[in-house]
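Chemist: model this:
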Amino acid sequence: MKNIDQDLKIIKEKTGFTMKDIAKEVGISERTIRRWVKGINKPHPLHFREFKKVIERIKNFYTERGIKV
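Modeler: Residues are numbered from 1 along each chain as shown. Sure, this is the predicted structure:
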């Protein structure tokens, strides 16, 4: 999924968070996120919502500290 891939790239470049770190925060495996990115699987709506929440939390944390993510 293009949008997930873009979010992950931006987060990794700006913060150093890896796919594994984000997967852990969401409560799923890194493999699951990789399958989303490759289009093999579509995210379950609950997992996708949690993924987006984690991404937003990370972005907000860094933005509050003057780092644009």
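
Chemist: where does this protein dip in pLDDT?
Modeler: Low-confidence regions of the chain, defined here as pLDDT under 70, cover residues 1-2.

Chemist: And the helices in it?
Modeler: Counting by DSSP state H, the chain has helices at residues 2-15, 19-26, 30-38, 45-64.

Chemist: Serialize those to CSV and add fields for mean neighbour count.
Modeler: From N, CA and C alone the C-beta is placed, and that goes for glycine too. As requested, those are arranged in CSV below (neighbours: other Cβ atoms under 10 Å):
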stretch, mean neighbour count
helix 2-15, 15
helix 19-26, 17
helix 30-38, 17
helix 45-64, 14
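
Chemist: For stretch 9-23, measure first residue to last.
Modeler: With Cα to Cα, to the nearest Å as the measure, stretch 9-23 spans 14 Å from end to end.

Chemist: any idea how far it is from the chain center?
Modeler: Centroid separation for stretch 9-23 versus its chain: 7 Å, with Cα atoms, centre = their mean, to the nearest Å.

Chemist: mind starting the numbering at 17 from now?
Modeler: Got it, the first residue is 17 from now on, which makes the last one we talked about stretch 25-39.

Chemist: So which residues make contact with that stretch?
Modeler: 24, 45-46, 48-50, 67, 70-71, 74-75, 78, 83-85 (Cβ atoms under 8 Å, 6 or more residues apart in numbering).

Chemist: Quick check: residue 19 vs residue 81, distance?
Modeler: Here the distance between residue 19 and residue 81 works out to 25 Å (Cβ to Cβ, to the nearest Å).

Chemist: before we move on, back to that, widest-spaced pair of the contacts of stretch 25-39?
Modeler: Greatest spatial distance in the contacts of stretch 25-39: 45 and 84, 29.8 Å, computed using Cβ to Cβ.

Chemist: Those two: which has the busier surroundings?
Modeler: Neighbours were counted for residue 45 and for residue 84 using other Cβ atoms under 10 Å; residue 45 has more, 12 against 8.
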